[in-house]
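Participant: got a predicted model here, sequence first, then my questions.
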Protein chains: 2
Amino acid sequence: MNIRQAAELSGLPVKTVRFYDEIELVSPERASNGYRDYNANEVHKLKFLNRARSLGFSLDDCRQLLSLYEDQNRTSASVKEIAQVKINDIDIKLAELKSMRATLKTLVNSCHGDSRPDCPILEELGR
Amino acid sequence: MNIRQAAELSGLPVKTVRFYDEIELVSPERASNGYRDYNANEVHKLKFLNRARSLGFSLDDCRQLLSLYEDQNRTSASVKEIAQVKINDIDIKLAELKSMRATLKTLVNSCHGDSRPDCPILEELGR
DNA sequence: TGTTGACCTTCCAGTTACTGTAAGCCCTAT
DNA sequence: ATAGGGCTTACAGTAACTGGAAGGTCAACA
C-alpha cells in the first residue's frame, strides 16, 4: 500500500511517516516504481508509534519499545520500567506547570488590567 | 561588566546570554577589546528574561513583554492579556499530561512486570 | 619579559521531531 | 496527449539553546 493510505490508517501525517522511514523506525520495501510499499505489520507499527508518541514517549523511547515489541524474549518488567520512568517524568512536569500556573495566576490577579501603565506583572518579573 | 559576571548575576549560562545578544534581545555595547560590556539595566533585563522563561513564556513572548516593560505608554491590560493566554496554555498542557499519566498508570498497573514475555502495555499500545 | 591559565571572541554543528517547499518522476483518466 | 494528483528526494526552517574548535586578550606570577 502507498504511503498515503498507510498514513491514513495509522493516523499520522504523510510527512511523518516518511520521516519515520528516514530514521529507520518503520522502513517499508519499495515497489518497482520506487514508491514506499507498506504492509499491514508496518501500518500496525505506525499506529503503535502514534499512540506511544501521544503518550509522551520520545522517539528514542519508541525505538526501545518497538524493539521490545518485536522481541519474543523480552520480559514484561523491561517494558514496565520504561513506562514507570515516563510516569515519573510526567509527575515532575506536572509539578513544574502547576507552580508556573500559580505564580502567573497571582500576577494576573494582582494586575488591574486597565489602561494605566503601572503593572504588577512587569514589576514582579523585573525584580 | 564582562559576560561572565552578567551571567552570574542574572542566573543564566554564559552561552545563553551570548545567544540573547545574537538574537538582539539584550545587546550590550562592546568594549575596545571587542568584549561585550553589560551595564546594570541589561543585567536587569537578563534577570527578567530568566524569570519569564522559567514561567513558560517563549522567547517571542519575552520579546513582547520586554518591549512592554520598556514602553512607558503601555497599558497593564496588554500585559495581563499575554499572561492570561499563557495560563490557558498551561491548563491545556496540564490536562494533556494528566490524561497521559492516567493511561500510563493503568498500563503499568495491569502489567505484572516479571520475566514473562507477555506484557499488557505493549498489547495495548499495539491496538 | 615570558608564560601560564582563565576569559573572551566567532563560527559551525548538533539537538528533537517534525514541517514546508521546490523540482521533478509516475500513474490514471479523459 | 495532457491534466491532475500522488509519489520521490533534498534542502531549509522551527525553538532555544548547547557543545566544541580555533584563536585573541588579560592579569598574575617567576
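Facilitator: That came in fine, so what should we check first?
Participant: the top helix by length along chain A packs against which elements?
Facilitator: Longest helix in chain A by number of residues (criterion: DSSP state H): helix A:76-110. In this structure, helix A:76-110 makes packing contacts with helix A:59-70, helix A:120-126, helix B:76-110, helix B:120-126, judged by 3 or more Cβ pairs under 8 Å, 6 or more residues apart in numbering or on different chains; DSSP states H and E. C-beta coordinates here come from the backbone N, C-alpha and C atoms, glycine included.
Participant: can you give me the buried ones in that helix?
Facilitator: By neighbour count with 16 or more other Cβ atoms under 10 Å in any protein chain shown, helix A:76-110 contains the buried residues A:76, A:78-80, A:82-84, A:86-87, A:89-90, A:93-94, A:97, A:100-101, A:103-104, A:107-108.
Participant: what does stretch A:46-65 give?
Facilitator: A:46-52, A:55-57, A:61-62, A:65.
Participant: is that stretch positioned near DNA strand C?
Facilitator: Yes: Stretch A:46-65 reaches DNA strand C (Cβ under 7 Å from any atom of the strand) through A:53, A:58-60.
Participant: let me have those residues in TSV, adding distance to residue B:33 and pLDDT as columns.
Facilitator: Shown next, in TSV, are the residues of stretch A:46-65 next to DNA strand C (distance: Cβ to Cβ, whole Å; pLDDT from 0 to 100):
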residue	distance to residue B:33	pLDDT
A:53	49	90
A:58	43	89
A:59	45	94
A:60	44	91
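Participant: dump these to JSON lines, plus distance to residue A:23.
Facilitator: Below are these laid out as JSON lines (distance: Cβ to Cβ, whole Å):
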{"residue": "A:53", "distance to residue A:23": "13"}
{"residue": "A:58", "distance to residue A:23": "12"}
{"residue": "A:59", "distance to residue A:23": "7"}
{"residue": "A:60", "distance to residue A:23": "11"}
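Participant: among the buried residues of stretch A:46-65, which ones are in strands?
Facilitator: Assigned to strands by DSSP state E, none of the buried residues of stretch A:46-65 qualify.
Participant: can you give me the first-to-last residue distance of stretch A:22-38?
Facilitator: 14 Å (Cα to Cα, to the nearest Å).
Participant: what are the contacting residues of that stretch?
Facilitator: Residues from elsewhere that reach stretch A:22-38 (Cβ atoms under 8 Å, 6 or more residues apart in numbering or on different chains): A:1-3, A:5-6, A:17-18, A:20-21, A:39, A:42, A:45-46, A:49, A:59, A:62-63, A:66.
Participant: chain center to it: distance?
Facilitator: Distance of stretch A:22-38 from the chain centroid (Cα atoms, centre = their mean, to the nearest Å) equals 23 Å.
Participant: show me what counts as buried in it.
Facilitator: For stretch A:22-38, by 16+ other Cβ under 10 Å, it's A:25-26, A:28, A:36-38.
Participant: what about it, near DNA strand C?
Facilitator: Yes: using Cβ under 7 Å from any atom of the strand, stretch A:22-38 comes into contact with DNA strand C via A:32-34.
Participant: will you turn those into a markdown table that also has pLDDT?
Facilitator: Listed next are the residues of stretch A:22-38 next to DNA strand C as a markdown table, based on pLDDT from 0 to 100:
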| residue | pLDDT |
| --- | --- |
| A:32 | 93 |
| A:33 | 94 |
| A:34 | 95 |
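Participant: closest to DNA strand D out of the helices and strands packed on helix A:76-110?
Facilitator: Nearest to DNA strand D among the helices and strands packed on helix A:76-110 is helix B:76-110; the distance by Cβ to the nearest atom of the strand comes to 11.5 Å.
Participant: next, the angle from that closest one to helix A:76-110.
Facilitator: 160 degrees (axes from the mean of the first three to the mean of the last three Cα atoms, to 10 degrees).
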